[in-house]
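model this:
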Amino acid sequence: MRIALLCAMVTCVRAARPCDTAPLQGTTACDVNAAITDRADYIVSQLQLDEKLVLFANTAGGVPRLNLPAWQWWSEALHGVGQSPGVQFTNPTPAATSFPQVITTAASYNKTLWGTIGSTISTEARAMNNVGHAGLTFWAPNINLIRDPRWGRGHETPGR
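The predicted structure is shown next:
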């Protein structure tokens, strides 16, 4: 949660960046030279209990007192940036590249292909974020091996 809060704080494009205004401007949370854990710890220490509670759902409510905007952190990228609550496919970003299921990519045994797919997804996600059509948190390809086929979603993993 700490890292997600920090990401929302420094990358938001739909509102003024919290680090550009009080009360966070000039604090450890906004010090780009500070360790990421120190920055995250600082922002969490500033949150009151009720403010923390609104941040636990994927439709995080935001914290107006700290100028932290509401944030939708459920964006799908299982095989490319996909339609999900945090993504809007409208002009100027009406579509994104769609890749095969992860299990078929694994069958290629091509390490370079994995890197190319990841790079493409991240570039398209950043472009969508730049125009306010997506956040920067994506549920991306699952790289874990399937341990129990009863899970029922083995096609979303590279296999065994």
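
all contacts plus neighbour counts: C-alpha atoms, from now on.
Will do.

so the residue positioned nearest the centre of the chain is in which element?
Among the residues of the chain, residue 137 comes closest to the average C-alpha position under CA atoms, centre = their mean, at 0.6 Å. Under DSSP states H and E, no helix or strand contains residue 137.

next, the buried residues of stretch 58-71.
Within stretch 58-71, the residues that qualify as buried are 60, 61, 62, 63, 66, 67, 68, 69, 70, 71, counting by 16 or more other CA atoms under 10 Å.

typed the wrong thing, it's stretch 96-113
Quick answer for stretch 96-113 (16+ other CA under 10 Å): 96, 101, 102, 103, 105, 106.

which of these fall in strands?
With strands taken from DSSP state E, there is no overlap with the buried residues of stretch 96-113.

in helices only, show me those residues.
Secondary structure from DSSP state H places 102, 103, 105, 106 of the buried residues of stretch 96-113 in helices.

what mean pLDDT does the longest helix anywhere in the chain get?
Counting residues, the longest helix found in the chain (DSSP H) is helix 111-130. Averaged over helix 111-130, pLDDT sits at 92.

all strands for the protein, in order.
Counting by DSSP E, the strands of the chain are 59-60, 71-72.

end to end, how far does stretch 78-89 reach?
With CA to CA, to the nearest Å applied, stretch 78-89 spans 16 Å between its terminal residues.

now do it: everything it contacts.
Outside stretch 78-89, the residues that touch it by CA atoms under 8 Å, 6 or more residues apart in numbering are 72-76, 95-102, 117, 121, 124-125, 133-135, 138-142, 156.

for this protein, which segments count as helices?
2-11, 36-46, 49-53, 102-106, 111-130.
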